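[1] structural data only, the sequence is not supplied:
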């Protein structure tokens, strides 16, 4: 595996820092009012330095959107590659998704701006990344159906769309109106409602009386029960 030179490493770090600062400014000021000189000033660098990394504001903005979705994939991979029970893996993916956007609302704001300003793009960045993971999840759910743990009358694409749209809508609802309950409580509702509907009869009987919420998250929920 090639080793990056110190110069290349510094360039990667500088680019990442530019994107990090620009993400915050685009989210705060909006695309129209966030000019390249403002980003340069915030970074304490010459405006011309930005153009060594990005050809203009549009490229910088889309790089910010893209980086946010890359960061989300890194987080979600923690669940997908784990060795836990399949249902725990799904539950953890849901938790990590909700937690990521709860902690990083700037990425939601950029997704909104991307859709409003660049409507001519073939597909929003969020869905490009979501679709890239789709086959992996198809195979995952098919294995659960084949093993008798999920209902065999489920249409996998319908299932993926339903879960994905539920999380997508929850993300935006939280951003627009705020959460009225702790995140753990919201997560509990999403997971419990989702799982109970897709389990096979045998699996539902086997798991009767159990919770899909990991013990660590239940403890967190209890400690935050008074926080909205």
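    The structure has been received and is ready for your questions. No experiment lies behind these values; they were computed from the predicted model shown. Residues are numbered from 1 along each chain as shown.

[2] chain center to stretch 124-140, what's the gap?
    12 Å (CA atoms, centre = their mean, to the nearest Å).

[3] okay, now the domains of this protein?
    Domain assignment of the chain by automatic domain parsing yields the ranges 1-54, 58-223.

[4] hey, which helix or strand in the protein has the poorest pLDDT?
    Across the helices and strands of the chain, mean confidence by mean pLDDT, DSSP states H and E is lowest for helix 215-223: a mean of 50.

[5] what stretches of the protein score poorly on pLDDT?
    By pLDDT under 70, the low-scoring segments of the chain are 1-5, 7, 80-83, 209-228.

[6] how long is stretch 192-207 from one end to the other?
    End-to-end distance of stretch 192-207 (CA to CA, to the nearest Å): 12 Å.

[7] list the buried ones in it?
    194, 195, 198, 199, 200, 203 (16 or more other CB atoms under 10 Å). C-beta coordinates here come from the backbone N, C-alpha and C atoms, glycine included.

[8] most widely separated two among the residues you listed?
    Using CB to CB, the pair of the buried residues of stretch 192-207 lying farthest apart is 194 and 200, separated by 14.6 Å.

[9] and the helices in this structure?
    For the chain, the helices defined by DSSP state H cover 6-29, 36-43, 47-50, 57-80, 86-103, 105-117, 125-132, 134-146, 156-177, 183-198, 201-206, 215-223.
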